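[1] any chance you could fold what I've pasted below:
(one chain, ligands or ions: 2)
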Amino acid sequence: MITALKHTFTEIMKRALEEARQFDKPVILSQVKPLNDSMNPLHFYAAGERLFLGERFYWATPGSRFTITGLGNECTVENDSAESDRFGRIESDWKRFKKMVHYEDGAKSHIGTGALLFGGFSFDPHNRRNERWNKYPEAKFFLPSVMLTVKDGVSFLTINRVINPDDDLESCAKHFTSIAGEVLTEKASTGGESVNNYTLKEADTGTWLSAVQKATELIKSGELDKVVLAREVQLEYDHKINIYSTLSKLQTEQPTSFIFSFENGRQSFIGATPERLIKKENSRLLSTCLAGSIKRGKSKQEDTELGTELLNDEKNLIEHAIVVKMIKDSFEEYCSKVKVSDHPQLLKTKNIQHLYTPIEGSMKAGYSLLNLVEKLHPTPALGGYPKMAAVDIIREIEPMDRGWYAGPVGWLDAENNGEFAVAIRSGLIEGKQAILFAGCGIVAESDPQMEYQETLIKLKPMLSALGGVNHECK
Ligand SMILES: C=C(O[C@H]1C=CC=C(C(=O)O)[C@@H]1O)C(=O)O
Ligand SMILES: [Mg+2]
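    Numbers count the residues shown, from 1 in each chain. Ligands and ions are numbered 1, 2, ... in the order given. Predicted structure coming up:
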């Protein structure tokens, strides 16, 4: 068995085992190999179904220029802390582990390969909890057993193993020699019925409209500047929802968004979000201010006219400016060389146009990616401004438990690089049921009916991926 592996890697494996025994602590061993043939990441996800159902993740940046697909769970790093230390605790748990990461010689030169954690955070750890989110703690990440990274068309396979002090060399070696073969030769089960017969229930529409009205009054009375209010719809299908085809439709229909799936037992939390929270590549940090929306036009001309209207609409410009100010202020605290343009541009997805301002900076020494996630979450595009007042009001008047909706979802590696998006345009899927979420930034000038119409547009990406393109809610 062991001889099937490269001699050097066997040596590394022995050293890892010795280290685990010496410190009486588990050690992560990671092997990264380039793949000669390019591989379709969604096929890889589907191929993991038999062996790793319930423990898979998928992440694709806009245009699928970078994807990571993880199968199996070598170790979970999670906590249910309602305090702000939920970010810090993920960081310190990961630090403890990652000190002992070993790479095959020469393999670790690509960000997004090797040992990394994928997962996310709930929106608000202090909110009441609906039992549907029981499997999604306030912070949960896992290290996959096997992972495919595709970067600009080049594929890498990572195999991870947590080596415990009482493991033996032979079983470790077996893990590395057999796991990749088992997945790579597995036939992807991508089929299944296309989903289209469903019933849709809208929860508490009246309550939501009154909440929006109430929010505008609170804003006018000076209690806060902005609050984001969300609502949910429940879809019941007559057969099990096919996650593979849903992801693949999202990927085709939403090329300007991040596509994600976090599979957790029988549930999958999936979405196509256009909004990056933070990306860190070495010391370079990028964030996206995205807020303010209008529908797409039916013709090119109407689309351009609507875009121009959005760029000049006072209500939407206020909604957007509040986000830019908060992210810019945070960047100025944590970064040098902050760059942000004075005027928003348009970001167009298939169904909607947004006001968009990218922002970048160079992270000061002593900070980490998760420090930035903690600082930014929730931005006023998801929470409101001021942050604490807005989150309190959401807790009080929003008629639902957001769970992981609008929380940060993404990955971080052992070198403190990674990327998080905000989990909007998303849904929680289990069996025949999908619960979809959509929210809107409420400012003093907001009109409840118009905000409601905006949520209908924001529900479309998920509805369409689930086969319900023409549905119009009440
Ligand atoms: C909260 C959501 O969208 C945010 C992101 C972009 C534009 C928004 C808006 O115009 O209201 C929202 O702030 C959502 O899609 O659920
Ligand atoms: Mg809006």
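[2] how about the residue nearest to the spatial centre of the chain, nearest residue that isn't a chain neighbour?
    The structure's the chain has its C-alpha centroid closest to residue 409; by CA atoms, centre = their mean the separation is 2.9 Å. Once flanking residues are discounted, residue 409 sits nearest to residue 120: 3.6 Å by CB to CB, 6 or more residues apart in numbering. C-beta coordinates here come from the backbone N, C-alpha and C atoms, glycine included.
[3] repeat that for residue 257.
    residue 272 (4.1 Å).
[4] for the host helix or strand of the one you found, packing partners?
    If you go by DSSP states H and E, residue 272 is part of strand 267-273. On a contact count with 3 or more CB pairs under 8 Å, 6 or more residues apart in numbering; DSSP states H and E, strand 267-273 meets helix 243-253, strand 258-264, strand 426-430, helix 448-465.
[5] following it, which helix or strand comes up?
    strand 276-281.
[6] per-residue pLDDT, residue 7?
    At residue 7, the model reports a pLDDT of 60.
[7] just to revisit the earlier point, closest to ligand 1 out of the helices and strands packed on strand 267-273?
    helix 448-465 (4.1 Å; CB to the nearest ligand atom).
[8] just checking, what packs against that closest one?
    Going by 3+ CB pairs under 8 Å, 6+ apart, helix 448-465 lies up against helix 205-220, strand 226-237, helix 243-253, strand 267-273, strand 284-295, strand 352-363, strand 433-442.
[9] measure how far that helix is from the centre of its chain, please.
    Distance, stretch centre to chain centre, for helix 448-465: 20 Å (CA atoms, centre = their mean, to the nearest Å).
[10] and stretch 313-328, how far out from the chain middle?
    23 Å.
[11] give me the residues contacting it.
    Residues from elsewhere that reach stretch 313-328 (CB atoms under 8 Å, 6 or more residues apart in numbering): 225-226, 287, 289-294, 310, 338, 340, 344, 355, 357, 359, 376, 379-381, 385, 387, 441, 443, 445-446.
[12] likewise for stretch 231-243?
    191-195, 197-205, 208, 261, 263, 268, 270, 398-400, 405, 429, 431-439, 455, 459, 463, 466, 468, 473.
[13] which entries within those meet the buried criterion?
    195, 198, 200, 208, 261, 263, 268, 270, 398-400, 405, 429, 433-439, 455, 459, 463, 466, 468 (16 or more other CB atoms under 10 Å).
[14] get me the contact residues on the chain for ligand 2.
    The chain comes close to ligand 2 at residues 293, 440, 441, as judged by CB under 5 Å from the ion.
[15] do I have it right that the first one meets residue 353?
    Yes. Using CB atoms under 8 Å, residue 293 is in contact with residue 353, at 6.9 Å.
[16] what is in contact with these two at once?
    residue 310.
[17] domain map for this protein?
    2-184, 198-465 (automatic domain parsing).
[18] what about the residue of the stretch 1-150 of the chain found nearest ligand 2, how many residues close to it?
    As assessed by CB to the ion, ligand 2 sits closest to residue 123 within the stretch 1-150 of the chain, at 17.4 Å. The number of residues packed near residue 123 is 26, by other CB atoms under 10 Å.
[19] excluding chain neighbours, give the residue nearest to it in space.
    residue 402 (4.0 Å).
[20] quick one: that neighbour is in a helix?
    No. Looking at residue 402 with DSSP: H, G, I helix; E, B strand; the rest coil, it is coil, so not inside a helix.
[21] and it, how many neighbours?
    23.
[22] separation between residue 373 and residue 121?
    7 Å (CB to CB, to the nearest Å).
[23] mind listing the shared neighbours of these two?
    87, 408.
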